[in-house]
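1. I would like the atomic coordinates for the input below:
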Amino acid sequence: MICYLPTPRWTNPYRAGLNSAVENLALQKTTIAWAEAQPSAIAAFVFYNLYWSDDPITLFDQPRAFAIDRLTADIPYTLAGDGYYFGVRASQIGVAEDFTLLSNMAINQTAFAYPQATTTLATFSTISSTAALEVTSTAGFPITDGYLQIGEEVVLYSTIGMSSGNPAFIVASWNPFGCNDGYSFATGTSVRLFGGFEESNYILFQRTNACSFDTPVWSDQIRPGIQFAEDLGLGSVIRIHWKPATTPPGLSETYYNIYWDTTLEELFDAPKAITNALSTSVTGLHGGDGYYFATRATYYPENQQLTQLTSPSPDYYKYPASVVVNHTDGYFNSNEMVLTVSPNTSGFPNSGYLKLNYEVVSYASKASTTFTIAQRDAFSLGNLETHANGATVELFKGIEDFNQSFHFAVPTWDAGSTAPWLFPDPNDPDGYASMQDSDGYRAWLVDNLHEDHSEFETDNIDFTAQDALCGTYKANTSTLVNLYTGNQCGTYFGGREDGFGGGIRLTDANLRREEMLLAQTGEPFMLLRAKSTGQQCPRYSIRGEHSAERCSMCYGTKILGGYDRYIYQRLYRPNITNPNGLIAMRVQPYRNDLPLIQYRGLSQTDEVTIWAPSIPTIKKRDILIRYLPVNPGDVPVEEFRYEVLNVERNRILFGDDGKQTLTVRKLDKTHPTMTFETTLTAPAVAP
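-> Residues are numbered from 1 along each chain as shown. Just a heads-up that it's a prediction; the model follows:
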């Protein structure tokens, strides 16, 4: 395989690789410039591999040319035409041993071309088979002492010659670097000129049609273009900022083209807006989607009429949608100074510059479907072209710089007491241009934060209660007098149940005992279950880790509404109805305190331990409302509200749930949860 020997290092690590790619339309070339690199100790000098391609994905697959002892090169349009990308990598120990004998490879005075790959004409199984490597062609390769890459191996040849009537490389060393794996090459194996041991930067530039004028200069040349992008929490807005740039004197003021797209590869395809400010708020974005943002400084021969463009916000102006040529037999007569377009000129300023393919024209006025042209080929670059019907007509984006800086941001909803902004948009997949789904929210699909005890609760909530009448298998739970006075009536709590042949179901028996004891010793509580699925609170930001604790819309749960009132379906006490769905729970002894705390005033700090029945399942962050015991027929009176801090669960026989022991904290009367409304009615004695 190819050795991984040391590679060059860039003198300035902040300016590695390609720095610019500027075209000259008049001379039909692109001048690329790069930073300086230094060789590693193993090499004496550095050369620079030059890359270009019309596809950025394949740009760095193979170098196209190389340069020696210089930091710029001119690439003719015949090699890299419209829409090409460029890159440069520093390399060492490759191509040839003597770089003074490469005149047959020169493109011009600045660069040397890598030859096209050739292929082998014979199969070689060992290095002793022959010293001549026969190939289809040796054209463009160094005349002497060149390095070849064959598959993943590198060999060194001394000269180019003939073998058996075929072009051949006379091999000097089958293993010049001492790390080849083998030397078996089949007929038809690709042979390339070895590009050396190069570093691997991925900096690239795309040549633009910005004419050969001086480009704007940023005040901060180390960090040109956009500086940062911030989410304003408005659901569909990102604000971007940049430092100033200057343009050549005697021309227009400095403008800034604004780019944004959800795809990085398409970010710089075309600017979407223009401004003369140093920051702007980009509106109308689809919240929750990630966007790339960039700015490039630009200028014109004269100041532009920005205020005649559509302005979504006070800081920037949108480029109008492109139109197409709709002229008689196309637009090609240089003396014809009226350009007809389709569908119309709406959105274009009253005067300015248009771009038709590579030609830039100035226009003095417009009508509904026509532009009155003031000058064809406005910059006198020899680009007077013909334009067939259907050719694209755009507002000229000016003479802009080539910076590749970008920032990534996601618009989110993070403020306000009303629902997030919604912008109906038939072109949007869900019909809205905002951060939300079609229902206006991002819904939580399932609770994946808590243990799931729902199956136990569903299977056991309808267990048979102890009968209040006296009998062999019945208990009189209306009073404890019989239990402690020797009266055996109603003191047996287990035993047979009809239909079970004398056996008992332990879970039912345990639940009955627990319910009977809590009915006698417990206090009435209402359970407010914290929502774990539903519509997300519009005040919650996906940028933050936690929701607002004092939110009056979700009470800190992140889900709109905050809590669901749990209605307990069983009797609170035997023979007493339970219209309010209250649950009997036993409060253990506790210390009641009301300390005066600095910066908070009088504060509730009580933490109470509660014995709760096995059903319903209670979870951390649920709310319990404690009521004062009242007589049947009276409406329960609320004492305080408590937040569940933790739950100690007891797993009994057969994997069923048993007693729940809760630790709860008393909430201040000013806590937002106190505003959660509950309506109670008076219970009655069951008939």
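2. what residues are bridge-paired with the nearest residue to residue 603 once chain neighbours are set aside?
-> Nearest residue to residue 603 in three dimensions, chain neighbours excluded: residue 597, at 4.8 Å (Cβ to Cβ, 6 or more residues apart in numbering). In this view, the C-beta of every residue, glycine as well, is placed from N, C-alpha and C. Here residue 597 shows beta-bridge partners residue 601, assigned using DSSP bridges.
3. could you give the number of residues near residue 597?
-> 9 (other Cβ atoms under 10 Å).
4. just residue 286 next, same as before
-> 20.
5. residue 103 too?
-> 8.
6. next one: it from residue 523, what distance?
-> Separation of residue 103 from residue 523 (Cβ to Cβ, to the nearest Å) stands at 101 Å.
7. going along the chain, name the strands of the stretch 501-650 of the chain.
-> Secondary structure of the stretch 501-650 of the chain (DSSP state E, counting those that start in this stretch): strands at 523-530, 563-566, 583-587, 596-597, 601-602, 607-612, 623-628, 637-651.
8. now stretch 173-184: average pLDDT?
-> When pLDDT is averaged along stretch 173-184, the result is 82.
9. again with stretch 340-359
-> What stretch 340-359 shows for mean pLDDT is 91.
10. ditto for stretch 5-16
-> The predicted confidence, averaged over stretch 5-16, sits at 87.
11. what about that stretch, distance to the chain center?
-> 31 Å (Cα atoms, centre = their mean, to the nearest Å).
12. number the residues from 297 up from this point.
-> Sure, I'll start counting at 297 from here, so that last one is stretch 301-312.
13. same question for that stretch: list its buried residues.
-> 303-304, 306, 312 (16 or more other Cβ atoms under 10 Å).
14. look up how far residue 977 lies from the residue nearest to residue 979 when sequence neighbours are not counted.
-> Computed as Cβ to Cβ, 6+ apart, the closest residue to residue 979 that is not its neighbour in sequence is residue 873, at 5.0 Å. Per Cβ to Cβ, residue 873 is found 9 Å from residue 977.
15. which of the two has more neighbours?
-> Neighbour count, other Cβ under 10 Å: between residue 873 and residue 977, residue 873 has more, with 16 against 10.
16. surely that one meets residue 978?
-> No: using Cβ atoms under 8 Å, residue 873 is not in contact with residue 978; the gap is 9.4 Å.
17. and residue 434, that's in a helix?
-> No: per DSSP: H, G, I helix; E, B strand; the rest coil, residue 434 lies outside any helix segment and is coil.
18. please name the residues that touch it.
-> By Cβ atoms under 8 Å, 6 or more residues apart in numbering, residue 434 lies in contact with 414, 456, 463-465.
19. ok, now which ones touch the residue nearest to the spatial centre of the chain?
-> When Cα atoms, centre = their mean is applied to the chain, the residue found nearest the centroid is residue 586 (4.4 Å). Shown in contact with residue 586 (Cβ under 8 Å, 6+ apart): 558, 704-706.
20. residue 361 contacts residue 406, correct?
-> No: using Cβ under 8 Å, residue 361 is not in contact with residue 406; the gap is 9.2 Å.
21. show me the shaky parts of the stretch 447-596 of the chain.
-> 503-508 (pLDDT under 70).
22. now with 90?
-> Scanning the stretch 447-596 of the chain for pLDDT under 90 picks out 447-449, 459-461, 469-484, 498-511, 516-518, 527-533, 543-547, 561, 565, 579-585.
23. can you show me the strands along it?
-> Secondary structure of the stretch 447-596 of the chain (DSSP E, counting those that start in this stretch): strands located at 449-459, 462-469, 486-489, 493-494, 500-502, 513-514, 522-527, 534-538, 541-542, 551-557, 569-571, 575-578, 587-595.
24. okay, now the sheet partners of the longest one, with direction.
-> Neighbouring strands of strand 449-459 in its sheet, by DSSP bridges, are strand 440-446 (antiparallel), strand 462-469 (antiparallel).
25. how about the ones you listed, which one is nearest residue 925?
-> Residue 925 sits nearest to strand 440-446 of all the strands paired with strand 449-459, at 90.5 Å, using Cβ to Cβ.
26. which parts of the closest one are buried?
-> Quick answer for strand 440-446 (16+ other Cβ under 10 Å): 441-446.
27. equivalent analysis for stretch 931-938, please.
-> Applying 16+ other Cβ under 10 Å to stretch 931-938 flags 932, 936-938 as buried.
28. which two from the residues you listed end up farthest apart in space?
-> Checking the buried residues of stretch 931-938 with Cβ to Cβ, the most distant pair is 932 and 938, at 15.5 Å.
29. CSV please, covering the strands paired with strand 449-459 and showing distance to residue 535.
-> Listed next are these as CSV, based on distance: least, Cβ to Cβ, whole Å:
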stretch, distance to residue 535
strand 440-446, 50
strand 462-469, 61
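30. of the ones you listed, which is nearest residue 607?
-> Within those, the stretch nearest residue 607 is strand 440-446; the backing value is 56.6 Å (Cβ to Cβ).
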